[in-house]
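Participant: Take a look and give me a structure for this.
(chains A and B)
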Amino acid sequence: MLNKLKNIDRRIIFIFIFLAVLIPLLKPINLPTQVSQPVQNIYDFVEKIPEGKIVLMSFDYGPSTKIEINPMALSLVRQCFRRNLRIVGICLWPEGANLSREVFNLLSKEYHKEYGKDYVNLGFKAGGEPTLVSLGKVGFKELCPQDIDNKPIKELPLMQEINKYDSFALVLTFSAGVPGIKEYIRVTASQYKIPVAGGCTAVSASEMYPFLASGQLLGLMGGLKGASEYEKLVGAPGDAIKGMDAQSVAHLLIVLLIIFTNLIYFLEKAKKKT
Amino acid sequence: MKRQLPLYITFITGLAMLIQFYMPKIEFVGDIFQKWFAIIVVFAYILGAGSLILVNGQKILKASPGWGYNLVLIIGLFGMFFIGIFFGISKGPFNFLFNYVFTPLSATMFSLLAFFIASAAFRAFKAKTPEATLLLLTAFIVMIGRVPIGEVIWNHIPFLSQWSLNDLIERWIMGAFNTAGQRAILLGASIGLISVSLKILLGIERGYLGGE
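Facilitator: From the prediction side, this is the model:
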């Protein structure tokens, strides 16, 4: 019996996980979301930036992590637009270009923001960290002569105010790996003293805590949980809050599975002893 | 000369980048190299595509096992390339394929992790040793505490509800233990990186020349 339970067909576990994710998505439980300090720090900082200032937003993720990271980007763009902050978007990941376009297209209509005046999307810039270093030394005008649609940045009024990193009040990066948050910390936060905050996938959130502790990272949204907390702060519940119910049940199921397998393990051990 | 030239280039550029960091007067050298890098890195994409075509093309020509997958890859590569060139990437078929083929496929691949993690946790996560037990308990707290349901459960346990679960995770597990561990890893990796960089600069480590 114990042996049977121990070697349970993994397809049964798959079915349980499938149902644990599907049922809460179809029938939300609406579990309460509590905001953590690293997320609150970002919100408070953005709220304090004077109107009209410019924020650099880096979309460093791809479709595989869109579910986790995109709600963060949507919430931050929403907050910046609501506060009349201007945004310059950039992507260090090639796939990020399309995703950033989607975010801007959706929210610029909602907040009646004009392209070129209220926000600009520079699209994908190859090279990762060395490109970030060059942007700081050479400046945006030389390294990014055109925007995402190959329009010369000379024609975009917002870009006339951008020179180097000192043109920005804050750097926000939505990152799913390398290049991402760490590269911005090393370049913009450490070398140019521009505040950096951002969001990353849940698996890489633990790596960011030393930077939070040192103050090099002013705030962090970790995974879907961080995104849901930000959606709550911005007052625009979206996919992240919906997804947290499913993630809650899935986590609970995994914990129960671990308890179950350990129970079998100890029962088996006790049986062997006797 | 074929082997010596790359070594000289590496040594000179590496040394120049190192010195310019400490000597602002020759910072312009670093700026030039950074600009060159931004240009050269674009060629890496061309090299990458070339290598992809070569490796997969050979498998298709030899009809190696699973050659059909290689063919799909090549069709995808050229398909997206030509669609992007002829129709643009901001709208039209490129955008359609990105949004309705690439995005759901990538998300599906990533989502499969949930199934494998659940299955792997069931099979491998056992309290066999005191260290494993400690890891297991921490994982429990973080896994449950990182989702809203954890807070609900925690607040319903009388002797635990006097402490904040969020505080326990943010301040203690993530802020103290995790930060200490991550810092140790970070410092260790950085020292390792400095040592490897020196070895490359001095020509001791030549793996980048193609394993010679």
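
Participant: which residue sits closest to the most centrally placed residue in chain B, ignoring its sequence neighbours?
Facilitator: In chain B, the centroid-proximal residue (C-alpha atoms, centre = their mean) is residue B:110; its distance is 13.9 Å. Distances taken as C-beta to C-beta, 6 or more residues apart in numbering or on different chains put residue A:64 closest to residue B:110, at 4.1 Å, once the chain neighbours are dropped. For the C-beta atoms, the positions are set from N, CA and C on the backbone; glycine is no exception.

Participant: Shouldn't the one you found be within a strand?
Facilitator: No - membership of residue A:64 in a strand is not supported by DSSP: H, G, I helix; E, B strand; the rest coil, which gives helix.

Participant: Name the spans of chain B whose pLDDT lies under the cut-off.
Facilitator: Within chain B, the ranges that satisfy pLDDT under 70 run B:211-212.

Participant: same thing but 50
Facilitator: Along chain B, the model assigns pLDDT under 50 to residues B:212.

Participant: Does stretch A:208-221 reach chain B?
Facilitator: Yes - on the criterion C-beta under 8 Å from any C-beta of the partner chain, stretch A:208-221 is in touch with chain B at A:209-210, A:212-213.

Participant: Return the mean pLDDT over that stretch, rounded to an integer.
Facilitator: In this model, stretch A:208-221 has a mean pLDDT of 95.

Participant: quick one, domains of chain A?
Facilitator: A:2-28+A:248-273, A:37-237 (automatic domain parsing).

Participant: ok, the first one near chain B or not?
Facilitator: Yes - residues of domain A:2-28+A:248-273 are located near chain B by C-beta under 8 Å from any C-beta, namely A:8, A:10, A:13-14, A:16-18, A:21, A:248-255, A:257-258, A:260-262, A:265.

Participant: Going along the chain, name the helices of chain B.
Facilitator: B:4-22, B:27-61, B:67-87, B:93-97, B:103-124, B:130-145, B:148-155, B:165-167, B:179-201 (DSSP state H).

Participant: Reformat these into a markdown table and put distance to residue A:40 next to each item.
Facilitator: Output for the helices of chain B, formatted as a markdown table (distance: least, C-beta to C-beta, whole Å):
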| stretch | distance to residue A:40 |
| --- | --- |
| helix B:4-22 | 36 |
| helix B:27-61 | 37 |
| helix B:67-87 | 41 |
| helix B:93-97 | 36 |
| helix B:103-124 | 28 |
| helix B:130-145 | 17 |
| helix B:148-155 | 16 |
| helix B:165-167 | 11 |
| helix B:179-201 | 19 |
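
Participant: any idea which of those helices is most buried?
Facilitator: Of all the helices of chain B, helix B:148-155 has the most neighbours on average by mean count of other C-beta atoms under 10 Å in any protein chain shown, namely a mean of 19.

Participant: hey, C-alpha coordinates of that one in PDB?
Facilitator: Listed next in PDB are the C-alpha coordinates belonging to helix B:148-155 (Å, rounded to 0.1, in the frame of the first residue of the first chain):
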ATOM      1  CA  PRO B 148      -2.500  35.300   0.200                       C
ATOM      2  CA  ILE B 149      -3.900  32.000   1.400                       C
ATOM      3  CA  GLY B 150      -0.800  31.700   3.700                       C
ATOM      4  CA  GLU B 151      -1.800  34.900   5.600                       C
ATOM      5  CA  VAL B 152      -5.300  33.600   6.000                       C
ATOM      6  CA  ILE B 153      -4.200  30.300   7.400                       C
ATOM      7  CA  TRP B 154      -1.500  31.900   9.600                       C
ATOM      8  CA  ASN B 155      -4.000  34.400  11.100                       C
END
